[in-house]
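S.K.: model the following, please.
(2 chains)
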Amino acid sequence: MSSGPSTYVPASGLTRWLDSRLPLMRFAHDTMLTFPTPRNLNFWYAFGAILTFCLGVQIVTGIVLAMHYVPNANMAFDSVENIMRDVNYGWLLRYVHANGASMFFLAVYVHMFRGLYYGSYKAPREVLWILGVIIYLLMVMTAFMGYVLPWGQMSFWAATVITNLFSSLDQIVPHLGSTIATWLWGDFAVGDATLNRFFSLHYLLPFVIAGVVGLHIWALHVPGNNNPLGIDVKGPQDTLPFHPYYTAKDAFYVGLFAILFAYLVFFAPDFVGNPDNYIPANPLVTPADIVPEWYLLPFYAMLRSIPQKLIGVLVLGGAILTLAFIPWLDTSRVRSSRFRPLMKQFFWLFVVDCLVLGYCGSKGVDATVPGIAMIPLVWVARLGTVYYYAFFWLIMPIVGLIETPKPLPDSIAKSVLGAHAAPAE
Amino acid sequence: MRFAIPLGLVLGLALAAPALAATGDQKPLKDVEFSFEGPLGTYNRADLQHGFQVYKEVCSACHSLNRVAFHTLSQPGGPGFSDAEMKAIAAGYKVLAGPNDKGETVDDKGNALTRAGTPADYFPPPFANEEAARAANGGALPPDLSLIEKARAGGAHYVYSIITGFGEKPPAGFTVTPNKYYNPYFLGWNISMPPPLSDGQVSFVDGHPNKIADEAYAVVTFLAWASEPHLEDRHRIGLGVMIFLIVLSGLLYLSYRQVWKDAH
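M.R.: Sure, this is the predicted structure:
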């Protein structure tokens, strides 16, 4: 790792012995303690630690829930209710796990917007960014399959709607899509076989996520952190050792995050949920509105805004795939939007666009703009979808070329410490 | 752009209210205050016990309560019956018996064998199966009530509004479907359930008032508990967790400032 020559000194005979055989302690020392970190990382950089916390919470609660859950179409709903009523603190485990998914996505969206704002995807961090996109994709898959497991009405119908998206591929190659759908279901409809494999994969994928997170952190440690100024670290005066500086700072923000998390779990545990999911799955009754969890609503709005199913599916998939190309779509030499007056405005408009798309996705198909019955919401979603794509494929490349960035500061140390910058910390 | 969304919301709220008058649209739910609402809410024991009586004497004629076991009636955070009262309640119900010594599950007339309920049993359903329930209710299926207040948007307020929402005059031009009842809180306004409660229908032992509103209030509380039996635990533990996390975060903040005091 690029933290320079290792400063680890084994303190005892045992660690000296271990160090010449498997330098595990040296690795931990260099990556978690002395790792040089820019001294100007702000609140928005705490979300890496927060996300690690979320992944840990989901894995621990999930493993215990799996001890009581029964992946069987006739018993799944009952087993979840058994967890809620009869398992000791089962209600706590389940509410933490269910709301944990929401908190995880809340944190990952902040983390992604932060990366977008400060240009953390730009060279030499392209691989770091792409690994992040892969983690996000794995999170979406894991969350979707987890949502199916309680086998309520929304679970069942979400599984039906999403897996049926593949059948649109029939329009390209006859039978291709429906063959894929049947293969995914393990049956000719969403049923017991589907539930079983979703459970298996829902248990597997978090460990895949943990593995890719390992790569993500590795790829972070090679170039080191980006920072709010978006300029390179020029020497030891620009950095602080990760411990105790960032361990202390991150711990505080994880604490604040945990307060919000706990509030949701203990005082509004069903706030983000859909009441229909407390009705056992019934293949014969379709809910009035099938809506995904809030964190997928913007993509759902894009899908629904396009009347042609195949194109809708491609637009949905493309919206996530687009994220992987950002490192090459942004033509600016300046990383941080702090010094990009034009990009900053388009960025905030993009944040608003994602919220508006989310709102459109949460409303029924026939909904209109509140108070303006003449404008169907679907047209707002269309406009939102156009801006989403335009932001990445047009605005990013063009603004990077035409924009005059503000002058960049000389160094992180000068910017943080002002005129009385110490030569070294 | 910055003002467009709030402005849109304000306009939307202002114009949406009269727009609700469309036929079949749900009327805004009645806003009744319940003791179990809010971050520190608890169930009122008397309401739970009265509500249990309303369920037993009225609702249970058509609605099952499949996920509630008798022993939970004396569990902490529940209706607060004593163990002896709970056992007497359980014994008052007939539940399906297992095979007898001869391996039979039905008697010589073909009726299912039954036995008295025990604390480990669940409330027995009023109908043997869905078909029987539909046949007895004009084709409609009375839903199980174990999760009703978590399975409906509006929760307790929805259930309260529905069971007290009968008797209003349908707007001109709206004809109630035969064998259905007008209830503006029910989407589509035609509900299969006849008005379930009337004034004085249930006589409470302690002389508690028994107008429709009182009976409804009690049974809605009971069903809230049936949906969420660990609510009191959750609120109590939640308060402790919040205090702990706030103190912890305060300490973490101080250590963060201490560590960073020379870094700026």
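S.K.: for residue 99, which non-adjacent residue is closest in space?
M.R.: Using chain A. Leaving aside its sequence neighbours, A:Asn99 sits nearest to A:Leu264 (CB to CB, 6 or more residues apart in numbering or on different chains; 4.7 Å). Bear in mind the C-beta positions are built from the backbone N, C-alpha and C, glycine included.
S.K.: that's the wrong chain, I meant chain B
M.R.: Nearest non-adjacent residue to B:Pro99 (CB to CB, 6+ apart): B:Thr105, at 5.3 Å.
S.K.: list the contacts of that neighbour.
M.R.: When contacts are counted by CB atoms under 8 Å, 6 or more residues apart in numbering or on different chains, B:Thr105 touches B:Leu96, B:Ala97, B:Gly98, B:Pro99, B:Ala112, B:Leu113.
S.K.: any figure for the gap between it and A:Val285?
M.R.: Separation of B:Thr105 from A:Val285 (CB to CB, to the nearest Å): 31 Å.
S.K.: B:Asn100 too?
M.R.: 38 Å.
S.K.: try A:His68
M.R.: 27 Å.
S.K.: neighbour-wise, which of those two wins?
M.R.: A direct count of neighbours by other CB atoms under 10 Å in any protein chain shown for A:His68 and A:Val285 places A:His68 higher, at 15 against 11.
S.K.: where are the low-confidence patches of the chain?
M.R.: Went with chain A since none was named. A:1-4, A:419-425 (pLDDT under 70).
S.K.: oops, I was thinking of chain B
M.R.: Ranges of chain B meeting pLDDT under 70: B:1-21.
S.K.: which parts of it are helices?
M.R.: B:4-19, B:45-57, B:83-91, B:130-136, B:155-164, B:212-227, B:231-260 (DSSP state H).
S.K.: of the ones you listed, flag the one that's most buried.
M.R.: helix B:212-227 (a mean of 25; mean count of other CB atoms under 10 Å in any protein chain shown).
S.K.: what sits against the residue in the stretch 1-150 of chain A positioned nearest to chain B?
M.R.: Nearest residue of the stretch 1-150 of chain A to chain B, counting by CB to the nearest CB: A:Trp91, 4.7 Å away. By CB under 8 Å, 6+ apart, the contact set of A:Trp91 is A:Ile83, A:Met84, A:Arg85, B:His230, B:Asp233, B:Arg234.
S.K.: for these, which one is nearest A:Ser415?
M.R.: B:Arg234 (47.2 Å; CB to CB).
S.K.: thinking the closest one is in contact with A:Leu264, fair?
M.R.: No - if you go by CB atoms under 8 Å, B:Arg234 and A:Leu264 don't touch, sitting 11.8 Å apart.
S.K.: could you pull out the strands for the stretch 51-200 of chain B?
M.R.: Along the stretch 51-200 of chain B, counting by DSSP state E, counting those that start in this stretch, strands occupy B:94-96, B:114-116, B:181-182, B:190-191.
S.K.: nearest to chain A, out of those?
M.R.: strand B:190-191 (15.5 Å).
S.K.: that closest one packs against which elements?
M.R.: Helices and strands touching strand B:190-191, by 3 or more CB pairs under 8 Å, 6 or more residues apart in numbering or on different chains; DSSP states H and E, are strand B:181-182.
S.K.: tell me which residues are up against the strand it packs on.
M.R.: With CB under 8 Å, 6+ apart as the test, strand B:181-182 has contacts from B:Phe166, B:Glu168, B:Pro170, B:Phe174, B:Val176, B:Trp189, B:Asn190, B:Ile191, B:Ser192, B:Met193, B:Pro194, B:Pro195.
S.K.: can I get the residues you listed in JSON lines including neighbour count?
M.R.: What follows is these, written out as JSON lines (neighbours: other CB atoms under 10 Å in any protein chain shown):
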{"residue": "B:Phe166", "neighbour count": "20"}
{"residue": "B:Glu168", "neighbour count": "12"}
{"residue": "B:Pro170", "neighbour count": "14"}
{"residue": "B:Phe174", "neighbour count": "13"}
{"residue": "B:Val176", "neighbour count": "13"}
{"residue": "B:Trp189", "neighbour count": "23"}
{"residue": "B:Asn190", "neighbour count": "18"}
{"residue": "B:Ile191", "neighbour count": "21"}
{"residue": "B:Ser192", "neighbour count": "16"}
{"residue": "B:Met193", "neighbour count": "19"}
{"residue": "B:Pro194", "neighbour count": "12"}
{"residue": "B:Pro195", "neighbour count": "14"}
